[in-house]
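In: What follows is a predicted structure for the sequence shown.
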Amino acid sequence: MDDSRLIENLIYTYAERIDAGDLEGVAELFREGRIVSPEHGTEFSGYEEVLGLYKASCRIHQPSGTPLTRHLTSNVIIDVDASGKHASARACYTVFQATDTLPLQPIITGRYRDSFLKTDGRWQFETREMYVDLLGDCSQHLLYSTDNLG
């Protein structure tokens with residue numbers, strides 16, 4: 001499989017894991033990386049900090065053990081540099097959610113700006129920048145107020 005496809009699969013793995021409620025799996029993707037929000041001046045580096053971020057922010061619903069979301073990632077554009085060891089990507093995301101009290105609807109959309117590093121023949125996230133473009137009702141997804149997002 002070529003590098004671009006491997007990176008694309010990594011991007012989609014993030015969405016798959018968060019929708020499954022696999023917060024440890026999400027954090028594992030950033031064991032050597034970081035998640036930043038330039039708009040809000042936050043940065044979480046490495047497994048423990050990223051896991052802490054998601055445990056403190058992502059509402060997990062029972063009995064499913066998931067956030068009852070579907071993260072759709074689209075418009076993925078990947079650029080692998082000439083060395084074949086560094087890459088960047090940009091993509092859009094839309095998160096849908098439906099709960100017992102919230103009908104199916106998009107709750108947030110935005111953009112990712114990612115950088116990747118190839119180590120020991122495997123691609124990994126170096127940095128994921130998250131940007132919020134449109135914000136709906138995130139009350140059933142996030143454990144904090146979204147008043148200062150978007």
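Out: Great, that's in hand.

In: Mind giving me the packing neighbours of the biggest helix by length in the chain?
Out: Counting residues, the longest helix found in the chain (DSSP state H) is helix 3-19. On a contact count with 3 or more CB pairs under 8 Å, 6 or more residues apart in numbering; DSSP states H and E, helix 3-19 meets helix 23-29, strand 69-80, strand 86-97, strand 105-119, strand 122-135. Backbone N, C-alpha and C define where each C-beta goes, glycine included.

In: wait, which of the ones you listed is closest to residue 143?
Out: Closest to residue 143 of the helices and strands packed on helix 3-19 is helix 23-29 (CB to CB; 12.1 Å).

In: quick one on the thing from earlier: as CSV, the helices and strands packed on helix 3-19 with mean neighbour count would be great.
Out: As requested, the helices and strands packed on helix 3-19 are exported to CSV (neighbours: other CB atoms under 10 Å):
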stretch, mean neighbour count
helix 23-29, 18
strand 69-80, 15
strand 86-97, 19
strand 105-119, 17
strand 122-135, 17
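
In: Of the ones you listed, which is nearest residue 6?
Out: Going by CB to CB, the one of the helices and strands packed on helix 3-19 nearest residue 6 is strand 122-135, 5.3 Å.

In: From the chain's centroid, how far away is that closest one?
Out: Taking CA atoms, centre = their mean, to the nearest Å, one finds the center of strand 122-135 at 6 Å from the center of the full chain.

In: what angle separates that strand from strand 86-97?
Out: If you take axes from the mean of the first three to the mean of the last three CA atoms, to 10 degrees, strand 122-135 sits at 40 degrees to strand 86-97.

In: Identify the residues contacting stretch 89-100?
Out: Stretch 89-100 has contacts (CB atoms under 8 Å, 6 or more residues apart in numbering) with 7-8, 11, 15, 61, 67-79, 104-116, 140-141.

In: just the CA coordinates of that stretch, formatted as PDB?
Out: Below are the C-alpha coordinates for stretch 89-100, written out as PDB (Å, rounded to 0.1, in the frame of the first residue of the first chain):
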ATOM      1  CA  ALA A  89      -2.700  16.400   5.300                       C
ATOM      2  CA  ARG A  90      -5.800  18.500   5.500                       C
ATOM      3  CA  ALA A  91      -9.300  17.300   5.900                       C
ATOM      4  CA  CYS A  92     -12.800  18.300   6.900                       C
ATOM      5  CA  TYR A  93     -14.900  16.600   9.600                       C
ATOM      6  CA  THR A  94     -18.600  16.400  10.400                       C
ATOM      7  CA  VAL A  95     -19.800  14.800  13.500                       C
ATOM      8  CA  PHE A  96     -23.300  13.400  13.700                       C
ATOM      9  CA  GLN A  97     -25.000  12.200  16.800                       C
ATOM     10  CA  ALA A  98     -28.300  10.700  18.000                       C
ATOM     11  CA  THR A  99     -29.200   9.900  21.600                       C
ATOM     12  CA  ASP A 100     -32.400   9.100  23.500                       C
END
